[in-house]
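Undergrad: Here is the input, now give the coordinates:
(one chain, ligands or ions: 1)
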Amino acid sequence: MLQDILPHRLDLSYHPSSIGTESRALVFEGEKLLAAAQGGALGLPRVSDCSFSGRSVWLFRLDQTDFFLLDPPVRADGYTMLPVSALRRCPVTKELSFAAMTGYQLYKWYRDNRFCGRCGAPLAPACNERALRCDCCGNVIYPKISPVVIVGVTDGDRLLMTRYAKGEYRNWALVAGFVEVGETPEDAVHREVLEETGIRIKNPRYVAAQPWAFSDSLLLGFFAELDGSDKITLQESELSQAAWIPRAEIRHRPEDFSLTGDLIDRFVRGEMPN
Ligand SMILES: [Zn+2]
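TA: Okay, here's the model as predicted:
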């Protein structure tokens, strides 16, 4: 998966350091990222490539390299603003793609939390942790992480696969949805599968997780088994298609670094937990 970057390590412990010319620069504007298209790949600038006069915010460290968020406008010869969605196909090295995606989530958090939601005063970074603090009322805001469940529902040699009705992703996927307030992930697995497909499940088993910056999420992957009728009733607002696909008809997707792809591969290999 995208976050599996060993022997590299993304260190998210909060130890801000000074910006240096060898630091990596992450510059976002809306859904675009400052990068250089190099053939089919993307290049990301170092601070020494950039001319800027705005704010820089320390983000995290990848191996020995500190990453900084630079406020636009930033000029860097050979670099231009490109869609951040390209990162999901891992166009730079895997460790740089994962770092840039994580930076994108933090960029959105800083962008969307400039003022206190409780009293309206400006927020400032806390000094000892990754948080924003209101000096007026004491409110502390941490980065938002919205848990999502992704579910591989099995019936013997068949997997319940779906296609989303909205968004860019048009490949076969799995039932997925946000965990609601007051739910456990297992509750969400039962509810989402029933809502989206009309299918009842049993024996949900947690498999693996993936941080997913595009929806500010932590994706939680499960397998579960059909319980009762296999008749699908499609929730058309969420899905354009849902079907039971035999194992022999499911293809491996080598360009897919997602938890969905990982779950599908595990099913094809017969590697599901009991
Ligand atoms: Zn406040």
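Undergrad: From here on, just use CA atoms for contacts and neighbour counts.
TA: OK.
Undergrad: isn't Asn171 right next to Arg163, touching?
TA: Yes. Counting by Cα atoms under 8 Å, a contact exists between Asn171 and Arg163, whose distance comes to 6.5 Å.
Undergrad: The two: which is more packed in?
TA: Each of Asn171 and Arg163 has its neighbours counted (other Cα atoms under 10 Å); Arg163 has more, 18 against 10.
Undergrad: Show me how this protein divides into domains.
TA: Residue ranges for the structural domains of the chain, counted by automatic domain parsing, are given in the record as 10-112, 113-143, 146-269.
Undergrad: Centre of the chain to the shortest one, how far?
TA: On the basis of Cα atoms, centre = their mean, to the nearest Å, the separation between the geometric centre of domain 113-143 and that of its chain is 24 Å.
Undergrad: repeat for stretch 2-21
TA: From the chain centre to the centre of stretch 2-21 is a distance of 17 Å (Cα atoms, centre = their mean).
Undergrad: how about that stretch: buried residues?
TA: Across stretch 2-21, burial judged by 16 or more other Cα atoms under 10 Å covers Leu2, Gln3, Leu10, Asp11, Pro16, Ile19.
Undergrad: Neighbours of the closest residue to the first one other than its chain neighbours, how many?
TA: To tie it back to what came earlier, the one meant is Leu2. In space, Leu2 comes closest to Phe257 once its chain neighbours are excluded; the distance is 5.0 Å by Cα to Cα, 6 or more residues apart in numbering. As a burial measure, Phe257 scores 18 neighbours (other Cα under 10 Å).
Undergrad: For Phe257, grab phi and psi.
TA: As for Phe257, its main-chain torsions (degrees, to the nearest 10) stand at phi -110, psi 20.
Undergrad: what do you get for the one 10 residues further on?
TA: According to degrees, to the nearest 10, the main-chain angles of Phe267 amount to phi -60, psi -40.
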